[in-house]
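need coordinates for the below:
(one chain, ligands or ions: 1)
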Amino acid sequence: MERFEPRKFVARKIQALRSHASGKRVIVAVSGGIDSMVCFEIARNATIKQEGQTIPFIIDTGLMRQNEVKQTEEYFRKKYNIELQRWDKQNEFISALKGIVSPEEKRKTFRDIFYRIISQAMRSYAADILVQGTILSDIIETQKGIKTHFNVLHEAGINPANYGLSLFEPLKELTKSRVRMVARSFAIPPKFLRIQPFPGPGFALRITGEVTFERVAKIRKATEIVESELMSPKIFQGFPVLLTDKATGIQNESAFVGDIIAIRIVESKDSLSARSYRIPWIKMDKIAKRILTEIPGIARVLYDVTSKPPGTIEFV
Ligand code: XMP
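A predicted model of the protein is given here:
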């Protein structure tokens, strides 16, 4: 196999976008993760001669981690002295997802509303090209029919032109570990390289059953706890999932019926396969105790020992 050379790869993508985007305005869909940060670097370098030609844009879906949008805004201000354009669309996403319990339906609903908003943004900024950080595993999973990754259009049989979009996806042929190599070549700070992959539809995939503001608040708090306790470099992703079933528990010496949270922690290279992380029991115990004491209404914490395959990484 040919050796992967991040600098050559980047030079090729910058050149491709430059010839494609001449005289056009470019929007980069930013999510707070490494893939879209790398996309922004490519777009910024491709359009460096014309100030304002590349616009970083983030949709606040209300389904992201605590402070994720704020930290991303600060990153753009500090590193590039540029204002990340943020559209607050939390209500739109939560109301569109109301009553939807089927995983595939949730993903498709998220995709539709996401691209409708992006298409409005393209019109409002008079932009012609959308740069987004789809990676190889998103495409493979969608093509194999395992699940529809929200950011895969062409390969899912959707013409981006239906949303009025012309797409540029520079990372389409890369695995996550290669994206990280490219990120290092751009000197993206290690703090961001360590951020766990977080899917675009965010907490919609980490809640089985209906997505509501209240359920999102619970899983957001549990996610903060789990992420703050997980340090091992072996871990690819580690997160809690809020289940639909309920269980009995005891609170203030009386019985109650509360929520169940499953913890999923996996080791993986490229997310196409994964194995459940053998978490030290002391650590697991600490995570469980914190969730049960810090989040009201949780009655049980479970640990998921399923590999991929047969399980997928996310629950939805
Ligand atoms: P699964 O659940 O398919 O997840 O085993 C594999 C990897 O993909 C991430 N994931 C997504 N990423 N859009 C994304 O950008 C999506 O719709 C999506 N769904 C899953 C997941 O977090 C894991 O890393």
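
is it true that Ser137 touches Thr175?
Yes: with contact defined as C-beta atoms under 8 Å, Ser137 reaches Thr175; the gap is 6.7 Å. Yep, even glycine has a C-beta here, placed from its N, CA and C like the rest.

which residues touch Ser36?
Under the criterion of C-beta atoms under 8 Å, 6 or more residues apart in numbering, the contact partners of Ser36 comprise Val28, Ala29, Val30, Gln132, Gly133.

tell me how far the residue lying closest to the second one once chain neighbours are set aside lies from Gln90.
Distances taken as C-beta to C-beta, 6 or more residues apart in numbering place Gln132 nearest to Ala29, at 4.5 Å, with adjacent residues excluded. Using C-beta to C-beta, to the nearest Å, Gln132 is found at 21 Å from Gln90.

these two: which is more packed in?
For the pair Gln132 and Gln90, the greater number of neighbours falls to Gln132 (24 against 15), based on other C-beta atoms under 10 Å.

point out the residues in the stretch 51-200 of the chain that sit beside the ligand.
By the rule C-beta under 6 Å from any ligand atom, the part of the stretch 51-200 of the chain lying against the ligand is Arg107, Ser137, Asp138, Glu141, Ile146, Lys147, His149, Phe150, Asn151, Pro197, Pro199, Gly200.

tell me who's in contact with the first one.
Applying C-beta under 8 Å, 6+ apart, one finds that Arg107 lies in contact with Lys147, Thr148, His149, Phe150, Pro201, Ala204, Leu205, Val316.

what is the burial count for the last one?
Read that as Val316. Here the neighbour count serves as a burial measure; for Val316 (other C-beta under 10 Å) it reads 22.

if we can go back for a sec, got a ChimeraX select line for the buried ones in the contacts of Arg107?
Buried residues within the contacts of Arg107, as defined by 16 or more other C-beta atoms under 10 Å, are selected in ChimeraX through the command that follows:
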select :147,148,149,150,201,204,205,316
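
correct me if wrong: Val38 contacts Gly133.
Yes: with contact taken as C-beta under 8 Å, Val38 and Gly133 are classed as touching, separated by 6.8 Å.

so what are the domain limits for the protein?
Taking automatic domain parsing as the domain assignment, the record places the domains of the chain at 6-193, 206-303.

before we move on, the earlier item: give me the common contacts of Ser137 and Thr175.
With C-beta under 8 Å, 6+ apart as the test, Ser137 and Thr175 both reach Asp270.

would you map the strands across the stretch 201-316 of the chain?
With DSSP state E, counting those that start in this stretch, the ranges of strands along the stretch 201-316 of the chain come out as 237-251, 254-267, 275-276, 298-303.

which one of the contacts of Ser36 sits closest to Ile48?
Nearest to Ile48 out of those is Val28 (C-beta to C-beta; 13.9 Å).

could you check how many residues crowd around that closest one?
Val28: 26 neighbours (other C-beta under 10 Å).

biggest helix in the chain, by residue count?
With DSSP state H applied, the helix covering the greatest number of residues in the chain is identified as helix 103-124.

tell me the helix or strand right after that helix.
Using DSSP states H and E, the helix or strand that follows helix 103-124 towards the C-terminus is strand 129-131.
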